[in-house]
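Undergrad: Fold the following and give me the result.
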Amino acid sequence: MAHTKITTRNITDDAVTSAKLDTNIDIAGTLDVTGATTLDSTLSVAGNSLVLGANDNEETLLTIRYSTVPTYISSTYDGTSGISAFSTNQYNNDDGSASLSSAANTAYANAAIKLYSGTGDSSIRFYTATAANTSPTEYMRVDHDGTVGIGTASPNTKLHAATGSNGSGLVDVARFQNTGTTANDGARIQLTAGTSTSGAGIGCLGDALNSSHLVFHAGGNTERMRIASDGKVGVGTDDPGAQVQINDNWASATNGAYIYVKNDSSQYTAGDPYLMNSVPQGILITEDDSNTSGPTKQGLILYNDNNTAGAFSPMLSFAKRETGSSPYRATMAAIYAKAPTGTGNSDAWIDGQLHFATAGAASEGAKSRMFIDKEGKVVVGPGNTTPDSLLHVEDSTHTAITIQAGNNSSASLRLKNDAQDWDLNTQINDNFAIYNQTSSTQPFTVSPAGIVTTSLNPAFRANAKTDEVYSNGWQKVLYDTSVTQRGGTNFASSRFTAPVDGWYQFNAQWTADNNSDNDGTLSLFINGSSTDLAGSSSMSNTGANYDSHVVSGCCYLAATNYVEVYRYSSVSTETRTSTAYGGWFSGFMIG
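TA: Predicted coordinates for the structure are as follows:
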């Protein structure tokens, strides 16, 4: 193909009229294509290329001058209007910028990329139109600082997407899709720092059509948390069994995810949990701890970061909405801790109290009703802050403690040491009793009428030995017939031996056949002494058929001290033959 070299010149309408040059035209200078006032002159290159630049790498410039009407380089099809163009003022390039646009038989571009250059600012803007012959709208731009805006002309992050309007609610702004269709296929947004290729991310794992788990990754793309498709939240577990489950120590069990609460066959009474079992419906914290000496893991922690002495921990509150036409959400009860002194041993330990509060009348709300102090002492009731016993119950206006059993049952309070178990109880027969669980004995009883019986208090009674002959002087009287006693076998060989220290009452009577004794005496000897007496009585000869003596006395005896009955006579005497009238010896412990 021939080359025609043309120096700098103008090609006007009459110079080349619809001419088709089947040659290459070399222009050494400037080629102006002008159309005077008609503005419809063109430089057409058919079938070949318009080449700018020489082989010697000279600088070449294709200038499209600015005009008040569109000036562009376009491609044509069969002489029709341009369907794509690069113009100096299309679309609306009133700022001297340039656009690459596409149009079809219209003065408007259906799509355009605008290269904007302003004072100290520049951007690349992307336009599209929704219909022919309509002004296109900017939908995306790359701003001068490298930020990308989609739906916004003022991006403030590296990628800023915006859409929606007032009242539009939740709208889709971006979509990231994994085209896989099997379970656990999903998309993830990767978040990294520096040269790391992994770090953290947010993604989804599909479990059904239009349903996915939302997962959160951290530390090398390891899943740390997920919101399952059923709304349950798992932290440290990918299969939460509760609305919120923390940790994955949730081994399989025969009852699945159920936690059993109450035997369904047992009786439900007022206040009991009214369900047999259920899956956890709140927060579930799981741990695997085999230590049998004490816990080694922490679960729920309520922490106060203030260091004021006497301050409290956050409360664990139990609340409910009130009834009525204007209900409040009100606290029913609360559990919290207090640091009375704010310190402990100047190390990592601190004195603490655990408080239990319940709500009373609406005017007072929740109040502390009971607390356990640092030594394990329990205080029930208001007022006392320094208990001196393990259980301190205080109430100035009411009965402090009530222990009540069911119908036909015994209510007991047990007192126990290392050797004995004692019960204070109200019995089925309505008596009040002190009962020794260790020996299965009941030493003290008070009837509803106020009658006191001490069934194990030492007591005895014995009849005198009949037809017993006693010589003159002091002689021990024998009482060995029809012996009855309680509180142990403390009476033997006509002698009572004190089992415990205490005060005792004794009574004795002895009758002899008629005799000529002029100085008869009946005495209660302590430990065999004729001078240490619990009681003594003298009687001269009555002159009748029988000689009778009666004595009584009260004394203090130490354990193992004993009492016996002695008679003094100036002559020999003999006990009456009749058991009923020969005499008796009795006694009991007063206290």
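Undergrad: so Val171 touches Gly164, yeah?
TA: Yes - at 4.5 Å, Val171 counts as touching Gly164 under the criterion of Cβ atoms under 8 Å. C-beta: built from backbone N, CA, C; applies to glycine.
Undergrad: quick one: contacts of stretch 407-426?
TA: Outside stretch 407-426, the residues that touch it by Cβ atoms under 8 Å, 6 or more residues apart in numbering are Ile403, Gln404, Ala405, Gln427, Ile428, Phe432, Ala433, Ile434, Tyr435, Asn436, Gln437, Thr438.
Undergrad: If any of those residues are buried, put those into a PyMOL selection.
TA: Listed next is the PyMOL selection for buried residues among the contacts of stretch 407-426, using 16 or more other Cβ atoms under 10 Å:
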select buried, resi 427+433+434+435
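Undergrad: can the contacts of stretch 407-426 go into CSV with extra columns for secondary structure?
TA: Putting those into CSV (DSSP: H, G, I helix; E, B strand; the rest coil) gives the following:
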residue, secondary structure
Ile403, coil
Gln404, coil
Ala405, coil
Gln427, coil
Ile428, coil
Phe432, strand
Ala433, strand
Ile434, strand
Tyr435, strand
Asn436, strand
Gln437, coil
Thr438, coil
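Undergrad: Identify, from the contacts of stretch 407-426, the entry nearest to Ala270.
TA: Gln404 (14.9 Å; Cβ to Cβ).
Undergrad: Asn507 - that's part of a helix, no?
TA: No - looking at Asn507 with three-state DSSP, it is strand, so not inside a helix.
Undergrad: In space, what's closest to it - neighbours in sequence excluded?
TA: Sequence neighbours aside, Ser552 is the residue nearest to Asn507 in space, at 4.5 Å (criterion: Cβ to Cβ, 6 or more residues apart in numbering).
Undergrad: More neighbours: which of Val171 and Gly164?
TA: The residue with more neighbours, out of Val171 and Gly164, is Gly164; 12 against 8, by other Cβ atoms under 10 Å.
Undergrad: per-residue pLDDT, the more buried one?
TA: Per-residue confidence (pLDDT) for Gly164: 92.
Undergrad: Next up, the contacts around it.
TA: Going by Cβ under 8 Å, 6+ apart, Gly164 touches Val171, Val173.
Undergrad: Work out for me the element it sits within.
TA: Under DSSP states H and E, no helix or strand contains Gly164.
Undergrad: Distance check, it against Asp143.
TA: Distance of Gly164 to Asp143, computed by Cβ to Cβ, to the nearest Å: 21 Å.
Undergrad: excluding its backbone neighbours, what's nearest the residue most central in space within the chain?
TA: In the chain, the C-alpha nearest the mean C-alpha coordinate belongs to Leu300, at 5.4 Å (Cα atoms, centre = their mean). Spatial nearest neighbour of Leu300, chain neighbours left out: Ile285 (6.2 Å); criterion: Cβ to Cβ, 6+ apart.
Undergrad: Which strand residues bridge the one you found?
TA: Going by DSSP bridges, Ile285 is paired in beta bridges with Ile246.
Undergrad: ok, which stretches of the stretch 101-250 of the chain are helices?
TA: In order along the chain, the stretch 101-250 of the chain carries no helices (DSSP state H, counting those that start in this stretch).
Undergrad: Sketch out the low-pLDDT regions of it for me.
TA: Applying pLDDT under 70 to the stretch 101-250 of the chain flags the ranges 101-109, 119-120, 132-133.
Undergrad: and if we set it to 50?
TA: Residues of the stretch 101-250 of the chain meeting the criterion pLDDT under 50: 105-106.
Undergrad: And the chain, by the same measure?
TA: Using pLDDT under 50, the flagged stretches of the chain are 1-21, 35-39, 66, 76-84, 88-92, 105-106.
Undergrad: got the domain boundaries for it?
TA: Per automatic domain parsing, the structural domains of the chain span 1-63, 74-162, 198-260, 368-396, 411-453, 459-589.
Undergrad: Please identify the most buried of those domains.
TA: domain 459-589 (a mean of 17; mean count of other Cβ atoms under 10 Å).
Undergrad: Now for Ile372: which residues touch it?
TA: The contact partners of Ile372, taken as Cβ under 8 Å, 6+ apart, are Gln353, Leu354, Val378, Val379.
Undergrad: mind redoing it with 7 Å?
TA: Ile372 makes contact with Gln353, Leu354, Val378 under the criterion Cβ atoms under 7 Å, 6 or more residues apart in numbering.
Undergrad: Give me the subset of those residues lying in strands.
TA: Taking DSSP state E, the ones among the contacts of Ile372 that sit in strands are Gln353, Leu354, Val378.
Undergrad: Closest one of those residues to Glu138?
TA: Leu354 (64.7 Å).
Undergrad: if I look at the residue nearest to the closest one when sequence neighbours are not counted, how far off is Thr386?
TA: Among residues not flanking Leu354 along the chain, Ile372 sits closest, at 4.7 Å (Cβ to Cβ, 6+ apart). The gap separating Ile372 from Thr386 is 14 Å, by Cβ to Cβ.
Undergrad: Ok, Gly587 next?
TA: Between Gly587 and Thr386 the computed distance is 49 Å (Cβ to Cβ).
Undergrad: same deal with Thr402?
TA: In this view, Thr402 and Thr386 are 25 Å apart by Cβ to Cβ.
Undergrad: who are the neighbours in contact with the residue nearest to Leu300?
TA: By Cβ under 7 Å, 6+ apart, Ile285 lies in contact with Ile246, Asn247, Gly299, Leu300.
Undergrad: same thing but 8 Å
TA: Listed by Cβ under 8 Å, 6+ apart, the contact set of Ile285 reads Gln245, Ile246, Asn247, Gly299, Leu300.
Undergrad: And for Val550?
TA: The neighbours of Val550, taking Cβ under 8 Å, 6+ apart as the test, are Asn507, Ala508, Gln509, Leu522, Ser537.
Undergrad: chain center to stretch 443-457, what's the gap?
TA: Averaging C-alpha positions (Cα atoms, centre = their mean, to the nearest Å) puts stretch 443-457 51 Å from its chain's average.
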